[in-house]
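1. Output the structure for:
(chains A and B)
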Amino acid sequence: MSKAESQITPEIVEQHGLSAEEYERVLNALGREPNLVELGIFSVMWSEHCSYKSSRLHLKKLPTEAPWVICGPGENAGVIDIGDGQAAIFKMESHNHPSYIEPYQGAATGVGGILRDVFTMGARPVANANALRFGRPDHPKMKHLVQGVVAGIGGYGNCVGVPTVCGETNFHPAYDGNILVNAMTVGVADRDKIFYSAATGVGNPIVYVGSKTGRDGIHGATMASADFEEDAEAKRPTVQVGDPFTEKLLIEACLELMATDAIVAIQDMGAAGLTSSSVEMATNGKAGIRLDMDKVPCREEGMTPYEMMLSESQERMLMVLKPGKEKMAAAIFEKWELDFAVIGEVTDTQHMVLEFGGEVVCDIPLGPLAADAPEYDRPYLSKEEYTVWAEIKPLDGVPESNDVGADLLKLLASPNLASKRWISQQYDSQVGADTLQTGGDAGVVRVHGTRKALAISTDCTPRYVHADPYEGGKQAIAEAYRNLCAVGARPLAVTNCLNFANPQRPEIMAQFVHALEGMGDACLALDFPIVSGNVSLYNESKATGGGSAILPTPAIGGVGIIDDYDTMATMPFKAEGDAIYLIAPEFWARPDPTRSHLGKSLWLSVVHGRDEGRAPPVDLAAELGSGRIVRRLIEEKLVSAVHDVSDGGLAAALAEMALAGNLGAEVTPSEAYSAAQWWFGEDQARYVVTVSADKVEAFNRLVAEGPETDEASLVGFHRIGTVGGDSLLGVSLADLREAHDSFFRDWMEG
Amino acid sequence: MRAAVITFPGSNCDRDMVVAIERIGGTAPLRVWHGDTALPDGLDFIALPGGFSYGDYLRSGAMAANSPIMREVVKAAEAGVPVLGVCNGFQVLAESGLLPGALMRNRSQHFICRDALLRVENTDSVFTRGYEQGQTITIPVAHHDGNYFADAETLDRLEGEGRVAFRYTENYNGSQRDIAGILSASGNVLGMMPHPERAVDAAHGGTDGKVLFASILGLLEAA
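-> Numbers count the residues shown, from 1 in each chain, chains lettered A, B, ... in the order given. Here you go, the predicted structure:
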């Protein structure tokens, strides 16, 4: 071993984010003291970000299987069968900490990283989506953060030529010191051309392609695994810099090489760069690996093996090729003006051996690196203890709405319901010329050259998860399911991005465990398995004064399929005279006397300044039933517009349909409910549909046919009005539009 | 009809252009790589697609304008072959000198993606003869650098010679005199920021771009 390495002191261990107990494990795994390179490798592989040490135990409980699942969690992304020999490959990932420190590059490289996770498996990326959470708009940094994140997402996605087709953006003071940037990519591949990461074949060459390695992003994974201290700004050098132009070339070069039979295994260099990619490839292949660090393409001279192994420079991939294919592969990468270097080989030693300047600078047994990795069963509060800790109580003194129209205007002008056009117009949503729908319940892209289309939706209601982690976890899945059904898609599978605060606090761990349990139950009930995902912990900041945790935010990315896009449904009101129906569980024909129906509603928060009450419960059988009926109505072309009911309740849903279609409506309330409950309650499993006059008879016939299933018997239909005119609930469309457009315009351009 | 679509490193609407031409013309265009030093023989139409050639580094279109194949495109244009540049393709045409003026950053400083309403100002060219004078058409825009600039003298000349092909009915990006697309003096080169290849299929939500391709491909009756 190299004599040049320094002694490892407790300070060095601490700087690497390892606890004393974890360092003991390192000593056990190696059977000796590590050198600095080895310590660096252990520290990133055992960071929360790479090892999932606090979450792994609970992630194992999530349902991940269905007949259409080709590859579940564990690879770079999830893979599902979409028929005709094709597969959809997708994943969502967080880039929260970097985006708070440097919003443009943090968000841009978040998009770049998730794109690589998808094309590394052989898919051409066909759509991007995102889920963004920001703090109070009047927080001094927030405008800058929103502008930077949106420009970064657009700057990267637009340049690589992948349309951004959907997303959600919320504001809440809990994100003041720790915003969330979750990016999702969906790609399409041939079923028989999917690439995995297991390095096999002793002697096969290991090849590095893409950009050169620089000193950027060293220890990014370790940074992402700790709370922000007051010195968040000082961490800016650990944020990587993205180059979408190189990524575009890398996509084309990789897909060109993938069309040949040269590749044994391939893995992108994401968090923890060359370390995690090489370790994962060798571990998955139950092989060893030998790398010659002198051959790693470097951006600057004098880089050490430590720096090369821990750099998070972007737009790089590692591949194992079949022997003899190097020349052909090199020609492809040279054509695309990208670096290509054979830097090592697959061995049978089950060790990772790094050589530099003729010396062995690292020799780690891969078995212990994986097997001895810490796994924690962190303590957490029970559901009852959590409810007490979070001070969640039934809503007391339920207010009434004295002016429904005025309340609706306030809601539409509030940051969370405001039109997000200022954001979405900065994303190229049309490149590829296969985008069929944006701005509705789900983004829809055609599978190129077919009649099929993929629907994508990102969802989570963090204020519900905070009030009731179990029901909130269920709701995130249910809302994604509903949004896919609302465009006529059959929901197939989900990816998730689990953003939580410090798991060493039992109340935070309770949020995580109970939310996962709710998600798991919903996935099972809705036959909607989780096939990929990412966990982001330690999302709290001392920068804002006090250990302020984010709201628990298990963001969901749902994917569904439309067999023939001719039957796709959209949200806008279509024609004067169309009948409006509310589809809702039959048991809510009258209000539930044990509930306010307004707890945690946006209306309560925006109009009355009260962020209180209990989250709405989710009846999964009713979700399944209403979803199936809505899909059937769409398939039979009996409905002219469809929209799910979510934030802001029925009034907000109707307003969004009216504004999108530039048509008003006459609607009447239920006498059983109070005005506030009826118009602004956020009960789940509900949709609004419209039916044209010539279809009403067929619609009623189908509805009257009665239930095919037990779930469908739970679903009720209520005629609530008629499309027409230029107002809604006594407010002109012009005033509704002005309210809806005002927030971002005044904030950003005022 | 022999058409060709040029791909530069960073082009990302090249496939969309190929699909649109094949959909309307019935024959797939040839694909030409930026590093090629010769164009295929006997071309009737050359298209420069949208995207971010060379990442828009230096200036959008500037590096692509100096790539080997552009010397041949300039020669072909001078020989009268119709050349269409869309979005980044327009930027390349301006940088190569085939069209006057420059495309600057949008006035808002933001990328903008939306449907644009255009007024057809010229119906004499090989590209626009299928439209009616003054007709309003809907074609999507998606660009960061679409703010057309030229000096007053050049603008007057363009207008005087009827070389403004399309104008925005609402100026989204700050372009001088609302210009969305311009023609060369001889009329066989068209540069435009809006994307006609994104409006050729009912599934796109509009088909106003079809007439443009049908005009070039000599298939107006079929459109």
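2. ok, now how distant is the spatially most central residue of chain A from residue B:175?
-> Centroid check for chain A by C-alpha atoms, centre = their mean gives residue A:92 as the closest residue, at 3.7 Å. Per C-beta to C-beta, to the nearest Å, residue A:92 is found 38 Å from residue B:175. The C-beta positions use only the backbone N, C-alpha and C, and glycine is treated the same way.
3. and if you look at residue B:67?
-> 26 Å.
4. Any buried residues in the helix ranked longest in chain A, and which?
-> Counting residues, the longest helix found in chain A (DSSP state H) is helix A:506-526. The neighbour-count check on helix A:506-526 (16 or more other C-beta atoms under 10 Å in any protein chain shown) flags A:506-523, A:525-526 as buried.
5. Repeat that for stretch A:476-492.
-> By neighbour count on 16+ other C-beta under 10 Å, the buried set for stretch A:476-492 is A:476-492.
6. One more: stretch A:647-662?
-> Neighbour counts using 16+ other C-beta under 10 Å place A:647-661 of stretch A:647-662 among the buried residues.
7. picking that back up, just after whichever helix or strand the residue nearest to the centre of chain A is part of, pick out the following helix or strand.
-> Assigned by DSSP states H and E, residue A:92 falls within strand A:86-94. The first helix or strand that comes after strand A:86-94 along the chain, using DSSP H and E, is helix A:96-101.
8. how much space is there between residue A:372 and chain B?
-> The gap separating residue A:372 from chain B is 43 Å, by C-beta to the nearest C-beta, to the nearest Å.
9. Which helix or strand contains the closest residue to that residue other than its chain neighbours?
-> Closest residue to residue A:372 apart from its sequence neighbours, by C-beta to C-beta, 6 or more residues apart in numbering or on different chains: residue A:29 at 4.5 Å. Secondary structure from DSSP H and E places residue A:29 in helix A:20-30.
10. List the contacts of the residue in the stretch 201-350 of chain A that chain B sits nearest to.
-> Ranked by C-beta to the nearest C-beta, the top residue of the stretch 201-350 of chain A for proximity to chain B is residue A:245, at 2.8 Å. Contact analysis of residue A:245 by C-beta atoms under 8 Å, 6 or more residues apart in numbering or on different chains lists A:159, B:9, B:10, B:52, B:54, B:55, B:56, B:57.
11. Quick one: buried ones out of these?
-> In those, burial by neighbour count holds for A:159, B:9, B:10, B:52, B:54, B:55, B:56, counting by 16+ other C-beta under 10 Å.
12. quick one on the thing from earlier: so what touches the helix holding residue A:29?
-> Outside helix A:20-30, the residues that touch it by C-beta under 8 Å, 6+ apart are A:10, A:13, A:18, A:33-34, A:38-39, A:42, A:46, A:364-365, A:368-369, A:372-374.
13. Next step: those residues restricted to strands.
-> Of the contacts of helix A:20-30, the ones assigned to strands by DSSP state E are A:364, A:365.
14. Got a ChimeraX select line for the buried ones in the contacts of helix A:20-30?
-> Here is the ChimeraX command that selects the buried residues among these (16+ other C-beta under 10 Å):
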select /A:13,18,34,38,39,42,46,364,365,368,369,372,373
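15. what's the farthest-apart pair in the contacts of helix A:20-30?
-> The most widely separated members of these are A:10 and A:365, with 24.0 Å between them, by C-beta to C-beta.
16. could you point out where chain A is predicted with low confidence?
-> A:1-6, A:219-238, A:542-547, A:706-707 (pLDDT under 70).
17. Around chain B, which positions in it sit nearby?
-> A:151, A:154-155, A:158-161, A:243-246, A:248-249, A:336-337, A:424-433, A:436, A:446, A:565 (C-beta under 8 Å from any C-beta of the partner chain).
18. Now, those that are in strands?
-> If you go by DSSP E, these have A:436, A:446 in strands.
19. Please list only the buried members of the residues of chain A next to chain B.
-> Applying 16+ other C-beta under 10 Å to those, the neighbour count classes A:151, A:154-155, A:158-161, A:243-246, A:248-249, A:336, A:424-433, A:436, A:446, A:565 as buried.
20. Tell me which residues touch the nearest residue to residue A:579 once chain neighbours are set aside, please.
-> Computed as C-beta to C-beta, 6+ apart, the closest residue to residue A:579 that is not its neighbour in sequence is residue A:691, at 4.7 Å. Neighbouring residues of residue A:691 by C-beta under 8 Å, 6+ apart: A:578, A:579, A:581, A:638, A:639, A:640, A:699.
21. Among the residues you listed, the buried ones, what's the PyMOL command?
-> The following PyMOL line selects those of those that are buried, judged by 16+ other C-beta under 10 Å:
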select buried, chain A and resi 578+579+581+638+639+640+699
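22. just curious, which of the contacts of residue A:691 is nearest to residue B:73?
-> Looking across these and measuring by C-beta to C-beta, the closest to residue B:73 is residue A:640, at 47.9 Å.
23. on that earlier part again, would you convert the buried ones among the contacts of residue A:245 into TSV that also reports distance to residue B:210 and secondary structure?
-> What follows is the buried ones among the contacts of residue A:245, written out as TSV (distance: C-beta to C-beta, whole Å; DSSP: H, G, I helix; E, B strand; the rest coil):
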residue	distance to residue B:210	secondary structure
A:159	28	helix
B:9	30	coil
B:10	27	coil
B:52	26	coil
B:54	31	helix
B:55	31	helix
B:56	29	helix
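24. Among the buried ones among the residues of chain A next to chain B, which are located in helices?
-> Using DSSP H, those in helices are A:151, A:154, A:155, A:158, A:159, A:160, A:244, A:245, A:246, A:248, A:249, A:424.
25. For the closest residue to chain B within the stretch 51-200 of chain A, give its distance to residue B:18.
-> Going by C-beta to the nearest C-beta, chain B is nearest to residue A:161 of the stretch 51-200 of chain A, at 2.6 Å. According to C-beta to C-beta, residue A:161 and residue B:18 sit 14 Å apart.
26. Check residue A:504 too.
-> Relative to residue B:18, and taking C-beta to C-beta, residue A:504 is found at 55 Å.
27. Looking at those two, which one has more neighbours?
-> residue B:18 (21 against 14; other C-beta atoms under 10 Å in any protein chain shown).
28. so how far is the host helix or strand of that one off the chain centroid?
-> Assigned by DSSP H and E, residue B:18 belongs to helix B:14-25. Here helix B:14-25 shows a centroid-to-chain-centroid distance of 14 Å under the convention C-alpha atoms, centre = their mean, to the nearest Å.
29. Please identify the buried residues of it?
-> Buried residues in helix B:14-25, counted by 16+ other C-beta under 10 Å: B:14, B:15, B:16, B:17, B:18, B:19, B:20, B:21, B:24, B:25.
30. Filter the buried residues of stretch A:647-662 down to the ones in helices?
-> Using DSSP H, the buried residues of stretch A:647-662 in helices are A:649-661.
31. Closest one of those residues to residue A:389?
-> Nearest to residue A:389 among these, with distances taken as C-beta to C-beta, is residue A:649, at 28.5 Å.
32. Roughly how far does the closest one sit from residue A:601?
-> The gap separating residue A:649 from residue A:601 is 7 Å, by C-beta to C-beta.
33. thinking again about what came up before, what about the residue nearest to residue A:372, neighbour count?
-> For residue A:29, using other C-beta under 10 Å, the count is 22.
34. try residue A:25
-> Neighbours of residue A:25 (other C-beta under 10 Å): 17.
35. what does residue A:575 give?
-> 14.
36. now swap in the one 10 residues further on and tell me
-> Here the neighbour count serves as a burial measure; for residue A:585 (other C-beta under 10 Å) it reads 19.
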